[in-house]
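>>> Quick one: sequence and predicted model below, then my questions.
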Amino acid sequence: MRSQLRAWLDGTENLWVDATFRSAAGMLRLIELFGEDWVMFGVDNLFAGSFESVNVAFEAFGKDTLLSEKIMYCNAAAPWFI
C-alpha cells in the first residue's frame, strides 16, 4: 500500500503528514503509510488540549527515542537544514 500511495503522490517531495491529535494507533498507521521521514508532530506552540496529544505521541513513539525525536523535531527541521 505504501508504494501505491507514494506512486499516487508522485511529485510531492515536500509533503509531510501531521500526527497531531490522532490516536497512538493512528500515528503509527501514518508511519506505516508514509514512512517515518514524512510524519511530523505539527504543533509549534503548545495550547490547551495539545499536551494530551504530546503524551499520546510519546505512547506511540516512545519517549526519548530516535523515532520520537524525528517525529517531534527533526522532520520539521529537515526542510530548513536545521
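Now that the structure is in, tell me what you want to look at.

>>> rest of the way, CA atoms for contacts and neighbours
Will do.

>>> measure residue 20 to residue 78 for me?
Using CA to CA, to the nearest Å, residue 20 is found at 18 Å from residue 78.

>>> same question, residue 41
Remark: distance between residue 41 and residue 78 (CA to CA) = 13 Å.

>>> In terms of neighbours, single out the busier of residue 20 and residue 78.
residue 20 (21 against 11; other CA atoms under 10 Å).

>>> Could you list the alpha-carbon positions for the helix or strand harbouring residue 29 in PDB?
Residue 29 belongs to helix 24-34 when assigned by DSSP states H and E. Only the C-alpha atoms of helix 24-34 are listed here, as PDB (Å, rounded to 0.1, in the frame of the first residue of the first chain):
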ATOM      1  CA  ALA A  24      -1.400   6.200  19.100                       C
ATOM      2  CA  ALA A  25      -2.600   3.600  16.500                       C
ATOM      3  CA  GLY A  26      -3.400   6.400  14.000                       C
ATOM      4  CA  MET A  27       0.000   7.900  14.500                       C
ATOM      5  CA  LEU A  28       1.700   4.600  13.900                       C
ATOM      6  CA  ARG A  29      -0.500   4.000  10.800                       C
ATOM      7  CA  LEU A  30       0.800   7.300   9.300                       C
ATOM      8  CA  ILE A  31       4.300   6.000   9.700                       C
ATOM      9  CA  GLU A  32       3.300   2.700   8.100                       C
ATOM     10  CA  LEU A  33       1.700   4.500   5.100                       C
ATOM     11  CA  PHE A  34       4.100   7.400   4.600                       C
END
